[in-house]
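Engineer: Using only what follows, build the 3D model:
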Amino acid sequence: MNEHIQGLAKLLAHLGRPPSPQLSEVGRRWEAERYLMRTDPMLAALLRIEAIADDRAENHQCCASKIVAIRDLVRRVLSEIDGKPFRNPLFPLRT
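Structural biologist: Have a look, this model is predicted:
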């Protein structure tokens, strides 16, 4: 977990906003994610997807609900990429 927090601190420093030293590790990670969501929402979503899949995100969910969280984040990123509502032409949604 420390490596993840250090990576976020380096990312924030690169973006021009160092994390507050008074915050706990969880607080710094939360602040870093919120800042990244405002500055680069797609990158923030992709980083959260990766962390959820690797059990590093504090979502305290069972594996089945993690799949739903990952699905929703991926759909949001794909919608942002092409500017249209999500649609998967290869594997259409069931109705």
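Engineer: rest of the way, CA atoms for contacts and neighbours
Structural biologist: Fine.
Engineer: other SSEs contacting the helix or strand hosting residue 44?
Structural biologist: Taking DSSP states H and E as the criterion, residue 44 maps to helix 41-53. Under the contact definition 3 or more CA pairs under 8 Å, 6 or more residues apart in numbering; DSSP states H and E, helix 41-53 sits against helix 25-39, helix 63-82.
Engineer: now the longest one: how far from the chain's centre is it?
Structural biologist: By that I understand helix 63-82. Put simply, helix 63-82 sits 10 Å off its chain's centre (CA atoms, centre = their mean, to the nearest Å).
Engineer: And the average pLDDT for it is what?
Structural biologist: Helix 63-82 carries an average pLDDT of 89.
Engineer: Residue 76 and residue 83 touch, don't they?
Structural biologist: No: using CA atoms under 8 Å as the test, residue 76 is too far from residue 83 to be in contact (10.0 Å).
Engineer: and these two? which has more neighbours close in?
Structural biologist: Ranked by neighbour count (other CA atoms under 10 Å), residue 76 and residue 83 place residue 76 first, with 16 against 9.
Engineer: what about the closest residue to the more buried one other than its chain neighbours, helix or strand, and which?
Structural biologist: Leaving aside its sequence neighbours, residue 76 sits nearest to residue 86 (CA to CA, 6 or more residues apart in numbering; 7.4 Å). Residue 86 is part of no helix or strand when elements are defined by DSSP H and E.
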